[in-house]
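**Student:** Any chance you could fold what I've pasted below:
(chains A and B)
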Number of protein chains: 2
Amino acid sequence: MPSVQQKLNLTFTALSDPTRRAILARLSRGEATVQELAKPFAISAPAITKHLKVLEKAGLISRSREAQWRPCRIEASALKEVSDWVSEYRQFWEESFDRLDAYLKTMTQKKGTKNGRKK
Amino acid sequence: MPSVQQKLNLTFTALSDPTRRAILARLSRGEATVQELAKPFAISAPAITKHLKVLEKAGLISRSREAQWRPCRIEASALKEVSDWVSEYRQFWEESFDRLDAYLKTMTQKKGTKNGRKK
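**Tutor:** Model prediction:
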């Protein structure tokens, strides 16, 4: 059983490729086979299969073992782990927005005073 | 200027390494120099510098140009982009939890009926 750190290594590596992110975006609209996934991309079915293996290893998708076409589907838990990880840093961008907001308020007040319209 | 996709490629690649994630976790507690960052890790200052370059290229940290020690600090915007990207998939884990919740409710009801305590 891989540790949380090992899982995050695999997940972030899988997400670092634009084709793999596009595959996830496609699967967010519903299950799809390799052939269906290969269509919009200018790459071969074997190349798509390679990308699917990386996504599957990271737990971002699963493939049906039953049907002959083995449709792929998105798996929520690995994406939730990314969300949990990044939300630990939420304070940083919220602080940045607070600072920007305070700055814009100061600018608006200054402008108001300059134009003789105190807000 | 890199596109959103190119930025995400760099950001996810930077985040795929556990040492780089640990550096970010350390910087979330405040600015630090290369020497301070190298201390808790069993790796050399030049190795840390390499990791910092990857983080800096991804826009996850910035380094002061003024001070001789060039302290590093966390940058919010690249982390916010990860959060924005992953939140597009929020429905998937929320749906999973809803399904689990519904399943648990059914189980509790069944158990209640079995024991003659209809809930």
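
**Student:** From here on, just use CA atoms for contacts and neighbour counts.
**Tutor:** Noted.

**Student:** So which residues of chain A form strands?
**Tutor:** A:61-63, A:72-74 (DSSP state E).

**Student:** Can you tell me which of those strands is most buried?
**Tutor:** Neighbour counts (mean count of other Cα atoms under 10 Å in any protein chain shown) averaged over each of the strands of chain A peak at strand A:72-74, with a mean of 23.

**Student:** could the strands of chain A go into a markdown table alongside mean pLDDT and distance to chain B?
**Tutor:** Below are those laid out as a markdown table (pLDDT from 0 to 100; distance: least, Cα to the nearest Cα, whole Å):
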| stretch | mean pLDDT | distance to chain B |
| --- | --- | --- |
| strand A:61-63 | 95 | 12 |
| strand A:72-74 | 94 | 8 |
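
**Student:** Model confidence for the closest residue to residue A:12 other than its chain neighbours, exactly?
**Tutor:** Leaving aside its sequence neighbours, residue A:12 sits nearest to residue B:16 (Cα to Cα, 6 or more residues apart in numbering or on different chains; 4.7 Å). Reading off the confidence values, residue B:16 has pLDDT 98.

**Student:** Quick one: residues contacting residue B:16.
**Tutor:** A:8, A:9, A:10, A:11, A:12, A:13 (Cα atoms under 8 Å, 6 or more residues apart in numbering or on different chains).

**Student:** what stretches of chain A score poorly on pLDDT?
**Tutor:** Counting by pLDDT under 70, chain A shows low-confidence ranges at A:67, A:96-97, A:100, A:113-119.

**Student:** which bits of it sit near chain B?
**Tutor:** Contacts of chain A with chain B, taken as Cα under 8 Å from any Cα of the partner chain, map to A:5, A:8-13, A:15-18, A:28, A:75-77, A:79-80, A:82-83, A:86-87, A:89-90, A:92-93, A:96.

**Student:** taking those residues one by one, which sit in helices?
**Tutor:** When the residues of chain A next to chain B are checked against helices (DSSP state H), the matches are A:5, A:8-13, A:15, A:18, A:76-77, A:79-80, A:82-83, A:86-87, A:90, A:92-93, A:96.

**Student:** which of the residues of chain A next to chain B count as buried?
**Tutor:** A:8-13, A:15-17, A:28, A:75-76, A:79-80, A:82-83, A:86, A:89, A:92-93 (16 or more other Cα atoms under 10 Å in any protein chain shown).

**Student:** Thought residue A:51 was touching residue A:38, still the case?
**Tutor:** No: using Cα atoms under 8 Å, residue A:38 is not in contact with residue A:51, being 10.7 Å away.

**Student:** Residue A:86 and residue B:84 touch, don't they?
**Tutor:** No: Residue A:86 is not in contact with residue B:84 according to Cα under 8 Å; the separation is 10.0 Å.

**Student:** Pretty sure residue A:14 sits against residue A:56.
**Tutor:** No: shown here, residue A:14 and residue A:56 do not form a contact pair, counting by Cα under 8 Å, at 9.1 Å.

**Student:** higher neighbour count, these two?
**Tutor:** A count of neighbours by other Cα atoms under 10 Å in any protein chain shown puts residue A:14 above the other of residue A:14 and residue A:56, at 26 against 20.

**Student:** which residues touch the more buried one?
**Tutor:** Taking Cα under 8 Å, 6+ apart, we find residue A:14 in contact with A:20, A:54, A:55, A:58.

**Student:** just residue A:73 next, same as before
**Tutor:** A:27, A:30, A:31, A:32, A:61, A:62, A:63.
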